[in-house]
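Engineer: Have a look at this prediction, sequence included:
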Amino acid sequence: MMRIWHYALLPYLPDMQFRGQLRELVAIMRDWKDKGKTNHLLINRVMGYPKQDLGGYFLIYRKEYQRRYGKDVLATINLEFCDFCEGHSNQPPFKGWHNLEYLRICYANLLEKHNGIGKSRITDEEWARLCEGYKTITGEDYEI
């Protein structure tokens, strides 16, 4: 499922979802660059923003990747997407989209992965870390 997780979630995502986000970002940037648009319900909203917002999001991802794995994600992808990062602001990306409501939508999706079965299931430990992250981000406990 294609999705851009709320930018504030990146430090708390389990590795499977975090690594999957890189595949999504590359696919989105490739479609935008090659076709001039995206074509998926969950990510089409990205087209309503300057591509520098996607670049800013990628830079947040890149910083977290460096922290987690001790290497630069640019070493693993084609540098053709660097133009997305040119001219980005230091403001959070996707203003109006990546808000509290979207954060809660992302958490509900992650809760389904926690309650589910299979290889993409989120463990109890990973879920506890996500809940701690939610409290850090919002100042409130996560509740459905």
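Structural biologist: Structure's in. What do you need? Residues are numbered from 1 along each chain as shown.

Engineer: CA only for contacts and neighbour counts going forward, please
Structural biologist: Noted.

Engineer: so after the helix or strand of the chain with the lowest mean pLDDT, what's the next helix or strand?
Structural biologist: For the chain, counting by mean pLDDT, DSSP states H and E, helix 15-35 ranks last in confidence among helices and strands (a mean of 88). As assigned by DSSP states H and E, the chain's next helix or strand after helix 15-35 is helix 51-69.

Engineer: Show me what the following helix or strand past that following helix is packed up against.
Structural biologist: Next along the chain after helix 51-69, taking DSSP H and E as the criterion, comes helix 100-115. Secondary-structure packing of helix 100-115 (3 or more Cα pairs under 8 Å, 6 or more residues apart in numbering; DSSP states H and E): helix 124-138.

Engineer: Residues touching the helix it packs on, excluding its own?
Structural biologist: Residues outside helix 124-138 that contact it (Cα atoms under 8 Å, 6 or more residues apart in numbering): 8-9, 11-14, 111, 114, 140-142.

Engineer: Next, the angle from that helix to helix 15-35.
Structural biologist: Relative orientation of helix 124-138 and helix 15-35, computed by axes from the mean of the first three to the mean of the last three Cα atoms, to 10 degrees: 60 degrees.

Engineer: Thank you, goodbye.
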